[in-house]
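Peer 1: quick one: sequence plus predicted model below, questions after.
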Amino acid sequence: MVDRSVPWPTGTPNWVDLAADDAVVATRFYAGLFGWSCEHQGARDYWVCKLDGEDIGGIGPKQPGTAHLASRWTTYLATDHLERTLEAIAAEHGEELTEPREIGEHGRMAIAADPNGAIFGLWQAAEHIGSARRADPGMLVWSEALSDDYETAKAFYTAVFGYRAEQIDTQYAALYAGDRPVAGTGAFHPYFAPGTPPHWLPYFATSSTDGTVEQVERGGGKLVGDPLDTDFGRMAVLADPEGARFAVIQLG
């Protein structure tokens with residue numbers, strides 16, 4: 001388990017949230033799957049999901065004008081200067097999708113896309129650093145940018161966030177902030193259907209990958225590809241009942 005009380009280093013995934021057609025149903029699905037307690041934030045029409053009192057991520061409805069888009073998880077990357085990061089994104093041929101926005105006293109955010117079209121968020125923490133715990137079952141443990149153009153993605157993220165990329169294989173790299181791997185970028189695994197749009201895929205820890213797969217399928221979701229045994233543990237990519245993709249890993 002990793003606990004933190006100060007903002008995460010630039011480029012570290014520090015929050016995730018789900019844009020859903022039916023946020024109420026989605027909170028029930030994930031609460032049942034991971035044991036989260038999801039608290040409605042009132043006027044924001046947004047649920048903050050917690051485990052053992054610690055924030056994990058959020059669930060909310062799709063924003064106006066985006067109802068036609070697929071339900072999806074968004075990974076937020078830490079920044080200590082939102083405007084400078086947005087300038088770097090533009091310089092590296094990414095796109096600013098929303099202007100910077102204050103979220104009360106919690107911090108500031110914006111949404112952007114990389115040159116391949118993978119959407120991600122930026123979070124400049126104030127009172128809220130994001131997810132505080134990283135390795136227990138139900139917690140966010142990893143996130144990766146997937147696309148058909150791995151080299152472009154790697155060049156973009158290393159330039160914008162100052163990552164050091166460590167090649168894992170010919171089509172995947174771990175992204176380091178300082179001496180710590182914080183995220184990854186790679187090509188789609190063959191089990192992703194042709195035409196799958198580039199996206200960031202969040203990983204949540206589980207005590208049993210196979211058990212979580214069964215639970216997802218019973219709850220109306222589906223398995224995207226057969227579970228895999230990796231050097232880091234047994235993992236699987238899943239889709240919730242609305243089709244939003246996420247992964248689980250039983251850390252080895």
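Peer 2: Right, received. Where do you want to start? Residues are numbered from 1 along each chain as shown.

Peer 1: in this protein, where is pLDDT below threshold?
Peer 2: For the chain, the stretches flagged by pLDDT under 70 are 1-5, 43-44, 133-134.

Peer 1: please enumerate the helices of it.
Peer 2: 23-34, 82-91, 150-161, 209-218 (DSSP state H).

Peer 1: quick one: which of those is nearest Glu127?
Peer 2: Nearest to Glu127, of all the helices of the chain, is helix 82-91, at 15.6 Å by C-beta to C-beta. Bear in mind the C-beta positions are built from the backbone N, C-alpha and C, glycine included.

Peer 1: which elements pack onto the closest one?
Peer 2: Packing contacts for helix 82-91, counted by 3 or more C-beta pairs under 8 Å, 6 or more residues apart in numbering; DSSP states H and E, involve strand 95-96, strand 107-113, strand 119-125, helix 150-161.

Peer 1: list the contacts of the first one.
Peer 2: Contact with strand 95-96 is made by 86, 89-90, 110, 112-113, as judged by C-beta atoms under 8 Å, 6 or more residues apart in numbering.

Peer 1: filter those to the buried ones?
Peer 2: The neighbour count (16 or more other C-beta atoms under 10 Å) marks 86, 89, 110, 112 as buried among those.

Peer 1: and the third one, how close does it get to His93?
Peer 2: It refers to Ala110. 17 Å (C-beta to C-beta, to the nearest Å).

Peer 1: and the last one, by the same measure?
Peer 2: Between Ala112 and His93 the computed distance is 12 Å (C-beta to C-beta).
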